[in-house]
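*Asks:* Give me a 3D structure for the following:
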Amino acid sequence: MGWWQVNADTLAGSRFVLSPLAETFACLKALHVRSAAHPGERVWLDAHLPGYEQRLASDPVTAALVRAGFGREWIADFLTPTPRGDEDFATEVARVRGASPEAARAHLAVALRGPLPAVLRDRDDLPVRAAELLTHVWTEAVRPDWHRRRRVLEADVVARTARLSQEGWASALGAMRPGMRWLGENRLQVNLHEYPPREISGARIVFVPVTPQRHGWVSWDEPPQCPHPDTGPHRYGVVYPCSGVLADARHGHTTTPASDTPDTPDIHVASVAAAAAVSVPGSLARLLGGARARVLVLLGSPMSTSQLVAVTGQGLGSVGRHLKLLLDARLVGRRRSGRSVLYFRTAEGDVLVEAQGTQVARGTQVARAAQVARGAGPGSAGRS
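*Replies:* Predicted structure coming up:
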């Protein structure tokens, strides 16, 4: 089996991120294998597969690249750079385009488990061709409904962070993707393949949901030979299939169901999206620090720790530290609602935030409106 040796700091510093490139690559794989995971995806596949096949038929080099890149047990590394979070598609795909031709050919040979076909040997344009194909799939097949896909992915993150906070890492990781489970003794099994273990203590793990996959994949960025002190921790990625996606087969739309946490309604996604639109005044960010100020602003509506993690993209440890300091300063309070602990701004916190301008107040009203829309007053919320 393939497993990673981690430590408590590695898990504490991990976070969930969304990646337009990972979603696009998962769609490319669905087009390549011509297989759909649910009825809505079948409608999507039927709509886009003819154009995809026509493009590859007119470009035999790129067609051979795709066949080589999707190995039986291994995906060519340069096709799946580890997501960093908070990046748009253009920024992410630039890393594919920027791969060295030598590395691309080597990665393809590993995926193939043998020599490259003649059409790919000695070609220096393989990274560019891969980036162009991914851009085509993004433009034609993913970007038109990215807003809908993003809502589904955000709902998955909220549900999984809730499970993490309530049941711990072993439960959250074991339910993430086939072949993945916590083995104990700081060992994380990531797949069932017989690969050597990797020591990744001190690295940063990102968990990335995608909608059109059954299995997902793992990735990592190779460390530089002479790392700079400011380069930050080494990154590992776990891309996993989004859970609980429903389909409207009449239109081929994926929609967000109630999460796999029983008491959490799907309308939580609306609250997450509305809260994410709230901006932080520069003066408040300078006073408290940008990340802590954002937490304070978001708590204009009660939120759980897991919801704050989903909205901000910060790690659980970071959010917990911000909440502790804000609690100590009496700028936020907390109360229990069922099995959840909700945090909210106190009157003192409201005074501090609202003194910074009207933009935050408008954002808070939007978030509270979403809360009213699901029939929950300020004193109630679903399980998170």
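*Asks:* Could you pull up the residues touching the residue lying closest to Asp88 once chain neighbours are set aside?
*Replies:* Of all residues not flanking Asp88 in the chain, Pro20 sits nearest, at 6.5 Å (Cβ to Cβ, 6 or more residues apart in numbering). Heads up, the C-betas are built off the backbone N, CA and C, glycines and all. Contact analysis of Pro20 by Cβ atoms under 8 Å, 6 or more residues apart in numbering lists Glu87, Asp88, Phe89, Glu92, Trp138, Val142, Trp146.
*Asks:* Most widely separated two among the residues you listed?
*Replies:* Within the contacts of Pro20, two members stand farthest from each other by Cβ to Cβ: Glu87 and Val142, at 15.0 Å.
*Asks:* Give me the more crowded residue out of the two.
*Replies:* Applying other Cβ atoms under 10 Å to Glu87 and Val142 shows that Val142 carries more neighbours, namely 24 against 17.
*Asks:* Let me see the contact set for that one.
*Replies:* Pro20, Glu23, Thr24, Cys27, Arg149.
*Asks:* And the next helix or strand past the one helix or strand the fourth one maps to?
*Replies:* What that stands for is Cys27. For Cys27, the element it lies in under DSSP states H and E is helix 20-33. Scanning forward in sequence from helix 20-33 by DSSP H and E, the next helix or strand is helix 39-57.
*Asks:* Export only the CA atoms of that next one, formatted as PDB.
*Replies:* What follows is helix 39-57, C-alpha atoms only, in PDB (Å, rounded to 0.1, in the frame of the first residue of the first chain):
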ATOM      1  CA  PRO A  39     -26.900  10.600 -14.700                       C
ATOM      2  CA  GLY A  40     -26.200  14.400 -14.700                       C
ATOM      3  CA  GLU A  41     -22.600  13.700 -15.600                       C
ATOM      4  CA  ARG A  42     -23.700  11.400 -18.400                       C
ATOM      5  CA  VAL A  43     -25.700  14.300 -19.900                       C
ATOM      6  CA  TRP A  44     -22.600  16.600 -19.600                       C
ATOM      7  CA  LEU A  45     -20.400  13.900 -21.100                       C
ATOM      8  CA  ASP A  46     -22.700  13.400 -24.100                       C
ATOM      9  CA  ALA A  47     -22.700  17.100 -24.700                       C
ATOM     10  CA  HIS A  48     -18.900  17.600 -24.700                       C
ATOM     11  CA  LEU A  49     -17.500  14.200 -25.700                       C
ATOM     12  CA  PRO A  50     -18.000  14.700 -29.500                       C
ATOM     13  CA  GLY A  51     -16.100  18.000 -29.500                       C
ATOM     14  CA  TYR A  52     -13.300  16.600 -27.400                       C
ATOM     15  CA  GLU A  53     -12.900  13.600 -29.700                       C
ATOM     16  CA  GLN A  54     -12.900  15.800 -32.700                       C
ATOM     17  CA  ARG A  55     -10.200  17.900 -31.300                       C
ATOM     18  CA  LEU A  56      -8.000  14.900 -30.500                       C
ATOM     19  CA  ALA A  57      -8.700  13.300 -33.900                       C
END
